[in-house]
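1. would you be able to build a 3D model of this:
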Amino acid sequence: MVASLRTTSNGLLATGLTLASARATCQLVALPGWPAHLTPAETSALAEFVPAARRALGAELFEIRLFGSRARGEGSDDSDLDVALVVSAAGRRRRYDILDLAFDIGLRHDVALAPLVIDRAHLDDLRGRELLFPRELDREGIVL
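-> The predicted model follows:
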């Protein structure tokens, strides 16, 4: 039996245990700063979604934040994972690709991913009008 700890290509830590008569298993562990209260399924879903969204949007993506009840640690078993993706105008036009990606990953992990793809200029406009959503996103959002 051999235990290992490595960093995956998406920057997450992976622990593995290899048995001579069994296939290697791997469990993703969240990066430091990720909420410890997330379930293993939620952590795995985010660990797959975040790098996939980064690859899909490339330079059009400025920031990804977990927000809402799961970020605050108040979510229930039925809560979804609210994920804000702050993008350029060109990135916003690709929102349906991100919604499809989130749906597919959510199905694999039995987790409801709820991405919000928002243009940075629009978010800045909302901040300027002092609306509640951008204040909460800035105050409670967890950068992923």
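2. mind listing what's buried along the longest helix seen in the chain?
-> When the chain is parsed with DSSP state H, its longest helix is helix 40-57. Residues of helix 40-57 classed as buried by neighbour count (16 or more other Cβ atoms under 10 Å): 42-53, 56-57. Where you see a C-beta, it was placed from the backbone N, CA and C, and this is true even at glycine.
3. the strands in the chain, which residues?
-> For the chain, the strands defined by DSSP state E cover 2-7, 13-18, 25-29, 61-67, 81-87, 113-119, 142-143.
4. now do the buried residues in the fourth one.
-> Spelled out, it's strand 61-67. Going through strand 61-67 with 16+ other Cβ under 10 Å, the ones that come out buried are 61, 64-67.
5. shaky segments in this structure?
-> Within the chain, the stretches falling below the threshold (pLDDT under 70) are 1-33.
6. centroid residue for it?
-> In the chain, the C-alpha closest to the average C-alpha coordinate belongs to Leu46, at a distance of 3.8 Å (Cα atoms, centre = their mean).
7. distance of it relative to Asp125?
-> Between Leu46 and Asp125 the distance, using Cβ to Cβ, to the nearest Å, works out to 28 Å.
8. now do Ala52
-> 28 Å.
9. Leu132 now?
-> Relative to Asp125, Leu132 is positioned 14 Å away (Cβ to Cβ).
10. before we move on, what about Gly91?
-> Taking Cβ to Cβ as the criterion, Gly91 is separated from Asp125 by 16 Å.
11. who has more neighbours, the two?
-> Ranked by neighbour count (other Cβ atoms under 10 Å), Gly91 and Asp125 place Gly91 first, with 24 against 12.
12. could you list the domains of this structure?
-> Following automatic domain parsing, one gets these domains for the chain: 1-32, 34-143.
13. was I right to think Gln118 contacts Leu85?
-> One thing to correct before we go on: residue 118 is Ile, not Gln. Yes: with contacts counted by Cβ atoms under 8 Å, Ile118 reaches Leu85, the gap being 7.1 Å.
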